[in-house]
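Participant: Sequence isn't available, so here's the structure alone:
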Ligand code: CUA
(Lines give C-alpha, C1' and ligand atoms only; values in the text may rest on other atoms or scores of the structure.)
Protein backbone atom coordinates (compact mmCIF):
# COMPACT_ATOMS: atom_id res chain seq x y z
CA UNK A 1 0.00 0.00 0.00
CA UNK A 2 2.81 2.42 0.90
CA UNK A 3 4.43 1.64 -2.39
CA UNK A 4 1.28 2.68 -4.24
CA UNK A 5 0.89 5.80 -2.12
CA UNK A 6 4.54 6.69 -2.67
CA UNK A 7 3.99 6.09 -6.37
CA UNK A 8 1.12 8.59 -6.34
CA UNK A 9 2.72 11.18 -4.07
CA UNK A 10 6.26 10.82 -5.41
CA UNK A 11 7.57 10.01 -1.93
CA UNK A 12 10.74 7.96 -1.61
CA UNK A 13 10.53 5.11 0.91
CA UNK A 14 13.67 3.42 2.24
CA UNK A 15 14.91 0.48 0.18
CA UNK A 16 12.34 1.07 -2.56
CA UNK A 17 13.41 1.79 -6.11
CA UNK A 18 13.08 5.33 -7.36
CA UNK A 19 9.63 6.24 -8.51
CA UNK A 20 8.47 9.12 -10.58
CA UNK A 21 4.88 10.07 -11.14
CA UNK A 22 3.61 8.72 -14.42
CA UNK A 23 1.60 11.71 -15.62
CA UNK A 24 -1.56 10.55 -17.36
CA UNK A 25 -1.97 14.04 -18.80
CA UNK A 26 1.31 13.71 -20.68
CA UNK A 27 0.75 10.73 -22.97
CA UNK A 28 3.77 9.77 -25.07
CA UNK A 29 2.60 6.74 -27.08
CA UNK A 30 -0.33 6.77 -29.52
CA UNK A 31 -2.74 4.54 -27.52
CA UNK A 32 -2.34 6.66 -24.39
CA UNK A 33 -2.90 9.83 -26.44
CA UNK A 34 -6.14 8.55 -27.96
CA UNK A 35 -7.30 7.31 -24.54
CA UNK A 36 -6.67 10.77 -23.08
CA UNK A 37 -8.65 12.36 -25.91
CA UNK A 38 -11.56 10.03 -25.18
CA UNK A 39 -11.34 10.88 -21.48
CA UNK A 40 -11.38 14.59 -22.28
CA UNK A 41 -14.41 14.26 -24.55
CA UNK A 42 -16.26 12.17 -21.95
CA UNK A 43 -15.36 14.67 -19.23
CA UNK A 44 -16.53 17.59 -21.40
CA UNK A 45 -19.92 15.96 -22.10
CA UNK A 46 -20.55 14.68 -18.58
CA UNK A 47 -19.20 17.95 -17.14
CA UNK A 48 -21.69 19.94 -19.26
CA UNK A 49 -24.53 17.65 -18.07
CA UNK A 50 -23.41 18.16 -14.48
CA UNK A 51 -23.36 21.94 -14.85
CA UNK A 52 -26.79 22.09 -16.56
CA UNK A 53 -28.47 19.71 -14.08
CA UNK A 54 -26.79 21.40 -11.10
CA UNK A 55 -27.81 24.85 -12.34
CA UNK A 56 -31.44 23.71 -12.84
CA UNK A 57 -31.56 22.26 -9.33
CA UNK A 58 -30.11 25.43 -7.78
CA UNK A 59 -32.47 27.60 -9.85
CA UNK A 60 -35.49 25.49 -8.82
CA UNK A 61 -34.53 25.60 -5.16
CA UNK A 62 -34.20 29.36 -5.32
CA UNK A 63 -37.23 30.02 -7.54
CA UNK A 64 -39.65 27.86 -5.52
CA UNK A 65 -38.27 28.54 -2.07
CA UNK A 66 -40.80 29.34 0.66
CA UNK A 67 -41.38 33.07 0.65
CA UNK A 68 -42.36 35.08 3.72
CA UNK A 69 -46.10 34.74 4.42
CA UNK A 70 -46.51 31.57 2.31
CA UNK A 71 -48.11 28.50 3.82
CA UNK A 72 -46.05 25.33 4.20
CA UNK A 73 -46.46 22.53 1.59
CA UNK A 74 -47.85 24.80 -1.08
CA UNK A 75 -47.23 23.00 -4.37
CA UNK A 76 -46.24 25.12 -7.38
CA UNK A 77 -48.21 24.50 -10.61
CA UNK A 78 -47.47 21.00 -12.03
CA UNK A 79 -46.98 19.96 -15.66
CA UNK A 80 -48.26 16.60 -16.97
CA UNK A 81 -47.83 14.90 -20.30
CA UNK A 82 -45.72 17.48 -22.14
CA UNK A 83 -44.64 15.96 -25.46
CA UNK A 84 -41.83 18.46 -25.93
CA UNK A 85 -40.28 17.75 -22.55
CA UNK A 86 -40.69 13.96 -22.92
CA UNK A 87 -39.11 14.06 -26.36
CA UNK A 88 -36.24 16.29 -25.21
CA UNK A 89 -35.21 14.16 -22.27
CA UNK A 90 -35.48 10.96 -24.27
CA UNK A 91 -33.84 11.96 -27.54
CA UNK A 92 -31.02 14.09 -26.14
CA UNK A 93 -29.59 11.47 -23.72
CA UNK A 94 -29.88 8.77 -26.39
CA UNK A 95 -27.88 10.94 -28.79
CA UNK A 96 -25.26 11.59 -26.12
CA UNK A 97 -24.97 7.89 -25.31
CA UNK A 98 -24.59 7.03 -29.00
CA UNK A 99 -21.86 9.63 -29.47
CA UNK A 100 -19.97 8.19 -26.47
CA UNK A 101 -20.43 4.60 -27.68
CA UNK A 102 -19.25 5.52 -31.18
CA UNK A 103 -16.14 7.33 -29.98
CA UNK A 104 -15.29 4.61 -27.39
CA UNK A 105 -15.72 1.81 -29.91
CA UNK A 106 -13.45 3.55 -32.41
CA UNK A 107 -10.71 4.17 -29.88
CA UNK A 108 -10.91 0.73 -28.26
CA UNK A 109 -10.71 -0.85 -31.70
CA UNK A 110 -7.59 1.18 -32.46
CA UNK A 111 -5.94 0.27 -29.15
CA UNK A 112 -6.82 -3.43 -29.24
CA UNK A 113 -6.20 -3.89 -32.92
CA UNK A 114 -4.03 -6.99 -32.96
CA UNK A 115 -3.13 -7.00 -36.62
CA UNK A 116 0.36 -5.71 -37.40
CA UNK A 117 0.51 -2.15 -38.70
CA UNK A 118 1.23 -1.50 -42.38
CA UNK A 119 4.84 -1.33 -43.55
CA UNK A 120 7.32 0.18 -42.94
CA UNK A 121 6.58 -0.55 -39.29
CA UNK A 122 8.37 -3.45 -37.63
CA UNK A 123 6.52 -5.50 -35.10
CA UNK A 124 7.84 -6.86 -31.84
CA UNK A 125 5.59 -9.43 -30.18
CA UNK A 126 5.61 -9.68 -26.41
CA UNK A 127 3.47 -12.01 -24.33
CA UNK A 128 2.61 -10.57 -20.96
CA UNK A 129 1.21 -12.94 -18.33
CA UNK A 130 -0.26 -11.61 -15.10
CA UNK A 131 0.51 -13.53 -11.91
CA UNK A 132 -0.27 -12.82 -8.26
CA UNK A 133 1.65 -10.44 -7.96
CA UNK A 134 4.16 -10.04 -10.72
CA UNK A 135 4.41 -9.87 -14.50
CA UNK A 136 5.84 -12.61 -16.68
CA UNK A 137 7.31 -11.16 -19.88
CA UNK A 138 7.98 -13.44 -22.86
CA UNK A 139 9.60 -12.68 -26.20
CA UNK A 140 8.75 -15.71 -28.38
CA UNK A 141 10.98 -14.52 -31.24
CA UNK A 142 14.07 -14.35 -29.01
CA UNK A 143 13.35 -17.20 -26.58
CA UNK A 144 13.55 -14.65 -23.77
CA UNK A 145 11.61 -14.93 -20.52
CA UNK A 146 11.90 -12.25 -17.87
CA UNK A 147 9.76 -10.49 -15.29
CA UNK A 148 8.42 -7.10 -14.28
CA UNK A 149 10.45 -5.20 -16.85
CA UNK A 150 9.56 -4.94 -20.50
CA UNK A 151 12.39 -3.83 -22.75
CA UNK A 152 11.24 -2.47 -26.11
CA UNK A 153 12.85 -0.51 -28.92
CA UNK A 154 11.80 3.11 -29.39
CA UNK A 155 9.53 3.91 -32.30
CA UNK A 156 11.20 7.02 -33.60
CA UNK A 157 14.14 6.12 -35.75
CA UNK A 158 13.16 2.46 -35.88
CA UNK A 159 9.44 2.33 -36.77
CA UNK A 160 9.11 -0.37 -34.14
CA UNK A 161 5.68 -1.06 -32.70
CA UNK A 162 5.40 -3.47 -29.78
CA UNK A 163 2.35 -5.71 -29.59
CA UNK A 164 1.29 -7.30 -26.34
CA UNK A 165 -0.58 -10.54 -26.05
CA UNK A 166 -2.18 -10.34 -22.60
CA UNK A 167 -2.88 -13.46 -20.56
CA UNK A 168 -3.34 -14.38 -16.93
CA UNK A 169 -2.13 -17.34 -14.90
CA UNK A 170 -4.65 -16.89 -12.10
CA UNK A 171 -7.07 -13.98 -11.65
CA UNK A 172 -7.87 -10.84 -13.63
CA UNK A 173 -5.11 -8.25 -13.74
CA UNK A 174 -4.87 -5.12 -15.83
CA UNK A 175 -1.97 -3.59 -17.73
CA UNK A 176 -1.60 0.13 -17.23
CA UNK A 177 1.41 2.16 -18.23
CA UNK A 178 -0.21 5.61 -18.04
CA UNK A 179 2.04 7.36 -20.54
CA UNK A 180 1.97 4.52 -23.07
CA UNK A 181 -1.25 2.50 -22.93
CA UNK A 182 -3.93 0.89 -20.81
CA UNK A 183 -5.85 -0.09 -18.92
CA UNK A 184 -6.33 -3.45 -20.64
CA UNK A 185 -7.30 -6.50 -18.64
CA UNK A 186 -5.34 -9.76 -18.47
CA UNK A 187 -8.05 -12.39 -18.16
CA UNK A 188 -7.67 -16.14 -17.45
CA UNK A 189 -8.52 -18.32 -20.47
CA UNK A 190 -8.83 -15.34 -22.74
CA UNK A 191 -6.45 -13.42 -24.89
CA UNK A 192 -6.43 -9.64 -24.99
CA UNK A 193 -4.09 -7.41 -26.88
CA UNK A 194 -2.76 -3.90 -26.95
CA UNK A 195 0.27 -2.14 -28.38
CA UNK A 196 2.70 0.67 -27.63
CA UNK A 197 5.01 2.90 -29.62
CA UNK A 198 7.20 4.76 -27.09
CA UNK A 199 8.76 7.67 -28.95
CA UNK A 200 11.95 8.16 -26.93
CA UNK A 201 14.27 6.13 -24.70
CA UNK A 202 13.26 6.11 -21.07
CA UNK A 203 11.67 4.20 -18.25
CA UNK A 204 7.90 4.28 -18.25
CA UNK A 205 6.30 3.20 -15.01
CA UNK A 206 3.14 1.16 -14.82
CA UNK A 207 1.12 -0.93 -12.43
CA UNK A 208 -1.66 -3.45 -12.22
CA UNK A 209 -4.95 -1.62 -12.53
CA UNK A 210 -7.40 -4.33 -11.49
CA UNK A 211 -7.65 -5.41 -7.89
CA UNK A 212 -6.17 -8.90 -7.80
CA UNK A 213 -5.54 -9.69 -4.14
CA UNK A 214 -3.57 -8.45 -1.14
CA UNK A 215 -0.46 -7.35 -3.04
CA UNK A 216 -2.25 -5.78 -6.00
CA UNK A 217 -0.67 -2.42 -5.13
CA UNK A 218 2.80 -3.98 -5.32
CA UNK A 219 2.38 -5.36 -8.81
CA UNK A 220 4.51 -2.70 -10.44
CA UNK A 221 5.90 -2.71 -13.92
CA UNK A 222 8.51 -0.80 -15.91
CA UNK A 223 8.75 -0.40 -19.64
CA UNK A 224 12.34 0.30 -20.64
CA UNK A 225 12.37 1.88 -24.08
CA UNK A 226 15.77 1.68 -25.76
CA UNK A 227 17.51 2.59 -28.97
CA UNK A 228 17.22 -0.40 -31.34
CA UNK A 229 20.91 -1.32 -30.99
CA UNK A 230 20.69 -1.25 -27.18
CA UNK A 231 17.54 -3.34 -27.30
CA UNK A 232 19.19 -5.95 -29.56
CA UNK A 233 22.14 -6.14 -27.15
CA UNK A 234 19.78 -6.61 -24.21
CA UNK A 235 17.76 -9.29 -26.02
CA UNK A 236 20.89 -11.17 -27.12
CA UNK A 237 22.14 -11.30 -23.54
CA UNK A 238 18.74 -12.36 -22.16
CA UNK A 239 18.48 -15.16 -24.71
CA UNK A 240 21.69 -16.77 -23.44
CA UNK A 241 21.50 -19.44 -20.73
CA UNK A 242 22.69 -18.44 -17.28
CA UNK A 243 26.33 -17.63 -16.68
CA UNK A 244 28.14 -20.51 -15.01
CA UNK A 245 30.56 -18.59 -12.81
CA UNK A 246 33.01 -21.02 -11.11
CA UNK A 247 33.39 -18.65 -8.14
CA UNK A 248 29.72 -19.21 -7.23
CA UNK A 249 29.75 -23.00 -7.66
CA UNK A 250 28.80 -23.75 -4.04
CA UNK A 251 25.95 -21.23 -4.16
CA UNK A 252 24.65 -22.76 -7.35
CA UNK A 253 24.74 -26.27 -5.88
CA UNK A 254 22.90 -25.03 -2.81
CA UNK A 255 20.32 -23.20 -4.95
CA UNK A 256 19.72 -26.38 -6.96
CA UNK A 257 19.31 -28.44 -3.79
CA UNK A 258 16.73 -26.14 -2.19
CA UNK A 259 13.08 -25.70 -3.03
CA UNK A 260 13.95 -22.48 -4.91
CA UNK A 261 13.86 -24.64 -8.03
CA UNK A 262 10.28 -25.72 -7.40
CA UNK A 263 9.15 -22.24 -8.44
CA UNK A 264 11.97 -20.54 -10.33
CA UNK A 265 13.83 -21.18 -13.55
CA UNK A 266 17.47 -20.46 -14.26
CA UNK A 267 18.03 -21.56 -17.84
CA UNK A 268 20.98 -23.89 -18.16
CA UNK A 269 20.55 -25.36 -14.67
CA UNK A 270 18.26 -27.85 -12.95
CA UNK A 271 15.89 -25.00 -12.08
CA UNK A 272 13.14 -25.20 -14.70
CA UNK A 273 9.95 -24.23 -12.89
CA UNK A 274 7.84 -21.29 -14.00
CA UNK A 275 5.59 -20.66 -11.04
CA UNK A 276 7.73 -17.69 -9.96
CA UNK A 277 9.80 -15.21 -11.98
CA UNK A 278 12.56 -16.54 -14.25
CA UNK A 279 15.91 -15.70 -12.62
CA UNK A 280 18.25 -16.46 -15.52
CA UNK A 281 19.34 -12.81 -15.80
CA UNK A 282 18.06 -11.48 -12.50
CA UNK A 283 20.86 -8.95 -12.19
CA UNK A 284 19.82 -7.10 -15.35
CA UNK A 285 16.58 -6.11 -13.65
CA UNK A 286 16.16 -2.93 -11.66
CA UNK A 287 13.78 -4.13 -8.96
CA UNK A 288 12.90 -7.11 -6.79
CA UNK A 289 9.44 -8.36 -5.89
CA UNK A 290 7.77 -6.56 -8.83
CA UNK A 291 8.97 -3.10 -7.81
CA UNK A 292 8.97 -3.47 -4.03
CA UNK A 293 12.75 -3.11 -3.61
CA UNK A 294 15.61 -1.76 -5.68
CA UNK A 295 17.76 -4.64 -6.93
CA UNK A 296 20.84 -4.20 -4.71
CA UNK A 297 22.85 -7.01 -3.03
CA UNK A 298 21.66 -5.90 0.40
CA UNK A 299 18.00 -5.78 -0.63
CA UNK A 300 18.32 -9.13 -2.40
CA UNK A 301 19.64 -10.70 0.80
CA UNK A 302 16.85 -9.16 2.89
CA UNK A 303 14.23 -10.18 0.35
CA UNK A 304 15.31 -13.84 0.26
CA UNK A 305 15.63 -13.88 4.04
CA UNK A 306 12.05 -12.75 4.56
CA UNK A 307 9.94 -11.79 1.52
CA UNK A 308 6.86 -11.49 3.73
CA UNK A 309 8.40 -8.50 5.49
CA UNK A 310 8.45 -6.54 2.25
CA UNK A 311 5.45 -8.02 0.48
CA UNK A 312 3.10 -9.60 3.06
CA UNK A 313 0.99 -12.35 1.52
CA UNK A 314 3.26 -12.86 -1.49
CA UNK A 315 3.70 -16.44 -2.61
CA UNK A 316 7.42 -16.62 -1.87
CA UNK A 317 8.01 -18.07 1.61
CA UNK A 318 10.88 -17.28 3.96
CA UNK A 319 13.25 -20.23 3.47
CA UNK A 320 14.71 -20.15 6.99
CA UNK A 321 18.25 -20.18 5.63
CA UNK A 322 21.30 -19.79 7.83
CA UNK A 323 23.43 -16.67 7.37
CA UNK A 324 26.02 -18.71 5.54
CA UNK A 325 23.47 -20.28 3.18
CA UNK A 326 21.97 -16.88 2.55
CA UNK A 327 25.37 -15.47 1.63
CA UNK A 328 26.00 -18.35 -0.78
CA UNK A 329 22.62 -18.00 -2.47
CA UNK A 330 23.02 -14.23 -2.84
CA UNK A 331 26.57 -14.68 -4.16
CA UNK A 332 25.22 -17.11 -6.77
CA UNK A 333 22.28 -14.93 -7.80
CA UNK A 334 24.65 -11.96 -8.10
CA UNK A 335 26.40 -13.79 -10.95
CA UNK A 336 23.18 -14.05 -13.01
CA UNK A 337 23.83 -11.07 -15.25
CU1 LIG B 1 -2.62 -7.76 -10.59
CU2 LIG B 1 -3.88 -6.10 -9.48
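Facilitator: Nice, thanks for sending it over. Every value quoted in this text rests on a predicted model; they were computed, and no experiment measured them. Numbers count the residues shown, from 1 in each chain.
Participant: In the stretch 51-200 of the chain, where is pLDDT below threshold?
Facilitator: Scanning the stretch 51-200 of the chain for pLDDT under 70 picks out 113-121.
Participant: in it, what residue is nearest the ligand?
Facilitator: Using Cβ to the nearest ligand atom, the single residue of the stretch 51-200 of the chain nearest to the ligand is residue 173, 3.4 Å away. C-betas here are computed from N, CA, C, even on glycine.
Participant: Tell me, how many residues neighbour that residue?
Facilitator: 33 (other Cβ atoms under 10 Å).
Participant: which residues sit in contact with it?
Facilitator: 130, 185-186, 208, 210, 212, 219 (Cβ atoms under 8 Å, 6 or more residues apart in numbering).
Participant: if you set the cut-off to 6 Å instead, what comes out?
Facilitator: Residues in contact with residue 173 (Cβ atoms under 6 Å, 6 or more residues apart in numbering) are 130, 186, 208, 210, 212.
Participant: same thing with residue 263?
Facilitator: 273, 275-276.
Participant: just residue 125 next, same as before
Facilitator: By Cβ under 6 Å, 6+ apart, the contact set of residue 125 is residue 163.
Participant: Tell me which helix or strand it sits in.
Facilitator: Using DSSP states H and E, residue 125 maps to strand 122-131.
Participant: Just confirm yes or no for that strand near the ligand.
Facilitator: Yes - Strand 122-131 lies within reach of the ligand by Cβ under 6 Å from any ligand atom, at residue 130.
Participant: For that strand, which strands pair with it and how are they oriented?
Facilitator: With DSSP bridges as the test, strand 122-131 is paired with strand 134-139 (antiparallel), strand 160-168 (parallel).
Participant: among the ones you listed, which is the most enclosed?
Facilitator: Neighbour counts (mean count of other Cβ atoms under 10 Å) averaged over each of the strands paired with strand 122-131 peak at strand 134-139, with a mean of 23.
Participant: Which pLDDT value goes with residue 292?
Facilitator: For residue 292, the model assigns a pLDDT of 91.
Participant: Relative to residue 133, how far out is it?
Facilitator: For residue 292, the distance to residue 133 (Cβ to Cβ, to the nearest Å) stands at 9 Å.
Participant: same deal with residue 220?
Facilitator: Distance, residue 220 to residue 133, using Cβ to Cβ: 9 Å.
Participant: any shared contact partners between those two?
Facilitator: In contact with both residue 220 and residue 133: residue 290, using Cβ under 6 Å, 6+ apart.
Participant: Show me which residues of the stretch 51-200 of the chain sit near the ligand.
Facilitator: 130, 133, 173.
Participant: for these, which one is nearest residue 74?
Facilitator: Distance to residue 74, by Cβ to Cβ, is smallest for residue 173 among those, at 58.0 Å.
Participant: what's around the residue lying closest to the closest one once chain neighbours are set aside, how many residues?
Facilitator: In space, and not counting its chain neighbours, residue 173 is closest to residue 130: 3.2 Å by Cβ to Cβ, 6 or more residues apart in numbering. Per other Cβ under 10 Å, the neighbour tally for residue 130 reads 27.
Participant: what pairs with residue 130 across the strands?
Facilitator: According to DSSP bridges, beta-bridge pairing links residue 130 with residue 135, residue 168.
Participant: and it, what does it touch?
Facilitator: By Cβ under 6 Å, 6+ apart, the neighbours of residue 130 are 168, 173, 186.
Participant: Can you give me the separation between the first one and residue 289?
Facilitator: Here the criterion is Cβ to Cβ. By it, residue 168 lies 19 Å from residue 289.
Participant: Do I have it right that residue 187 meets residue 170?
Facilitator: No - applying Cβ atoms under 6 Å as the test, residue 187 and residue 170 come out as separate, 10.8 Å apart.
Participant: Can you name the residues that contact the residue nearest to residue 215 when sequence neighbours are not counted?
Facilitator: Excluding the flanking residues, the one nearest residue 215 by Cβ to Cβ, 6+ apart is residue 133, at 4.0 Å. By Cβ under 6 Å, 6+ apart, residue 133 lies in contact with 215, 218-219, 290.
Participant: Apply 8 Å and report the result again.
Facilitator: Here residue 133 is in contact with 208, 212-213, 215-216, 218-219, 290, 311, 314 (Cβ under 8 Å, 6+ apart).
Participant: count of residues packed around residue 169?
Facilitator: Neighbour count for residue 169, taken as other Cβ under 10 Å: 15.
Participant: List phi and psi for the residue nearest to residue 215.
Facilitator: When quoted as degrees, to the nearest 10, the phi and psi of residue 133 stand at phi -130, psi 80.
Participant: End to end on stretch 314-324, go ahead and measure it.
Facilitator: Stretch 314-324 has an end-to-end distance of 25 Å (Cα to Cα, to the nearest Å).
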